[in-house]
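Asks: A structural model of the following input is requested.
(one chain, ligands or ions: 2)
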Amino acid sequence: MKVFKFGGASVKDAAGVKNLAKIVNSYNDSLVVVISAMGKMTNAFEELVYAYFNGNGIEQHYQKIKEYHLSIITDLFEPEEQGVIDEWLEALQLKLDTEPSLNYDFEYDQIVPFGELISTFIVSSYLNKLGWQNEWIDVRKILRTDDLFRSAGVNWELSSELMKEAFSFEGTQRYITQGFIGSTDTNLTTTLGREGSDYTGAIIAYALDAESLSIWKDVPGVLNADPRWYPKARMIDELSYWEAIELTYYGAQVIHPKTIKPLQNKQIPLLVKSFIEPENKGTAIKDTEQNVQLPPIYVLKEKQTLLSISPKDFSFILEENLSEIFQVISKHRLKINLMQSSALNFSVCVDHHKNIDAVMDELSEHYGVLYNVDMELVTIRHYTDKAISEVIDGKEVVDSQVSRKTARYVVKQSEWNFK
Ligand SMILES: Nc1ncnc2c1ncn2[C@@H]1O[C@H](COP(=O)(O)OP(=O)(O)O)[C@@H](O)[C@H]1O
Ligand SMILES: N[C@@H](CC(=O)OP(=O)(O)O)C(=O)O
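Replies: Ligands and ions are numbered 1, 2, ... in the order given. Sure thing, here's the model as predicted:
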């Protein structure tokens, strides 16, 4: 059996749903199809949660979400079938009519998952309408997690067991289910972190010992840079798991960082394919020779802040200082992307975050802390002199780190002009 994952971009409108149905139907394999919320709906649901929590503008955000889905449904179903998601909309409305608790992350996880539940229900109903038999599965019953809302950890053993039972392929060859969401053992809905549907695909592939996981994207496969940023980006046909993990770690957004490990552990290939040109091969990520010749691969991380931390009493930066600094950074959930230390200074490049002020406050008792906002972090894997000059010429470089395979630069944000 194979696992397919379709992201928001693939189901952003009715034409996308039709295209997905065609792709799925063109395979004779037993399939589990994991689908994300439609288009940018997760952002819209996030706005709705914010409104709900603050008691302001709920109706307006709810209507925006409802209308978006109804416009897709109008195009897919006959007038008498257009109530397909009414029950979901009523359940959402009911939730919005209750008072929120004091726990934002909990409320987030009770509302945002409606995006995935609704999108999969639409797709499954549409396949049924075409006579293409499938079974809709509520993944929350089988993907069990802890209760770290918005960033839930998976209970692998229990989930694997439940998944094997649920996806038995008795009576159907195709299952449709949700990415990104799960549930605690007390049946509270959780989410795995933004863009977590790729990860769901990998969890299911792992549990079922799938032949492969295919993630269907709006790009031909993994390129040597994000084409939205670097117009000359070109296809990479094959990558090792190792290389793919490195790229996702540095921030290549095409694959969620947690996706590769479960696949590597069971040697399940990951295929990154285009839903626009589904007949093309795409990129295969598997246990290949690590030394396959790769071109320079560029990864851009935007919205970075560089913190520069020095002990006030002029003492060396030692293990105790580092331990204290890491504890503060981790407590405030900042994500470190690059770090550098010298005798008297420790600098970290972090994703810009509202908690940076709290980190600075907490560190300021013992340390002088300076910070630079509006930074970008560029990583070049398999760098060449030409690739480096392409990235840093004309840029204000604030920090850099070069190792055998990887060159990284923190640069002041300014327009990119690749020739
Ligand atoms: N190295 C890369 N190769 C291909 N696409 C990349 C790369 N880095 C970033 N991207 C971006 O990733 C996008 C696809 O990922 P994403 O938007 O998360 O898909 P989805 O949400 O549909 O699963 C592409 O549109 C592309 O702009
Ligand atoms: N819908 C969720 C989960 C996800 O992975 O979506 P996508 O596959 O569209 O990135 C999000 O936007 O975070």
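
Asks: Please name every helix or strand in contact with the strand or helix carrying L271.
Replies: Using DSSP states H and E, L271 sits in strand 270-274. Where contact means 3 or more C-beta pairs under 8 Å, 6 or more residues apart in numbering; DSSP states H and E, strand 270-274 is packed against strand 212-217, strand 283-286. Just so you know, the C-beta spots here come from the backbone N, C-alpha and C atoms, and that holds for glycine as well.

Asks: what residue is smack in the middle of the chain?
Replies: The centroid of the chain falls nearest to E195 when counting by C-alpha atoms, centre = their mean (2.2 Å).

Asks: Check what pLDDT that residue gets.
Replies: E195 is assigned 94 on the pLDDT scale.

Asks: buried residues in the one helix or strand L89 maps to?
Replies: Using DSSP H and E, L89 maps to helix 86-96. For helix 86-96, a neighbour-count test (16 or more other C-beta atoms under 10 Å) marks 89, 92, 96 as buried.

Asks: neighbours of E81, just the number please.
Replies: Neighbourhood size, E81 [other C-beta atoms under 10 Å]: 13.

Asks: Tell me the residues on this protein that lie near ligand 1, please.
Replies: 7-10, 195, 217-219, 222-223, 225-228, 252-254 (C-beta under 6 Å from any ligand atom).

Asks: out of those residues, which are buried?
Replies: Using 16+ other C-beta under 10 Å, the buried ones in the residues of the chain next to ligand 1 are 7-10, 195, 217, 219, 222-223, 225-226, 252, 254.

Asks: Among those, which one sits closest to ligand 1?
Replies: Distance ranking of these against ligand 1, using C-beta to the nearest ligand atom, places G7 first at 2.2 Å.

Asks: and the nearest residue to that closest one once chain neighbours are set aside, what does it touch?
Replies: Spatially, and ignoring its direct neighbours in sequence, G7 is nearest to S36 (4.9 Å; C-beta to C-beta, 6 or more residues apart in numbering). Shown in contact with S36 (C-beta atoms under 8 Å, 6 or more residues apart in numbering): 5-8, 11, 42, 115-116, 119, 178-180, 197.

Asks: shouldn't S197 be in contact with A9?
Replies: No - with contact defined as C-beta atoms under 8 Å, S197 does not reach A9; the gap is 11.4 Å.

Asks: what residues are shared contacts of those two?
Replies: With C-beta under 8 Å, 6+ apart, S197 and A9 have no common neighbours.

Asks: Let me see the ranges of the helices in the stretch 251-400 of the chain.
Replies: 260-265, 319-331, 356-363, 385-392 (DSSP state H, counting those that start in this stretch).

Asks: Export these to CSV and append columns for distance to E211 and mean neighbour count.
Replies: Listed next are the helices of the stretch 251-400 of the chain as CSV, based on distance: least, C-beta to C-beta, whole Å; neighbours: other C-beta atoms under 10 Å:
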stretch, distance to E211, mean neighbour count
helix 260-265, 12, 19
helix 319-331, 39, 14
helix 356-363, 45, 17
helix 385-392, 36, 15
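
Asks: who in the chain is up against ligand 2?
Replies: Near ligand 2, when you scan the chain using C-beta under 6 Å from any ligand atom, you find 7-8, 36-37, 42, 115, 179-180, 194-197.

Asks: Let's have the buried ones among the residues of the chain next to ligand 1 in a markdown table, adding secondary structure.
Replies: Output for these, formatted as a markdown table (DSSP: H, G, I helix; E, B strand; the rest coil):
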| residue | secondary structure |
| --- | --- |
| G7 | coil |
| G8 | helix |
| A9 | helix |
| S10 | helix |
| E195 | coil |
| K217 | strand |
| V219 | coil |
| V222 | coil |
| L223 | strand |
| A225 | coil |
| D226 | coil |
| A252 | coil |
| V254 | coil |
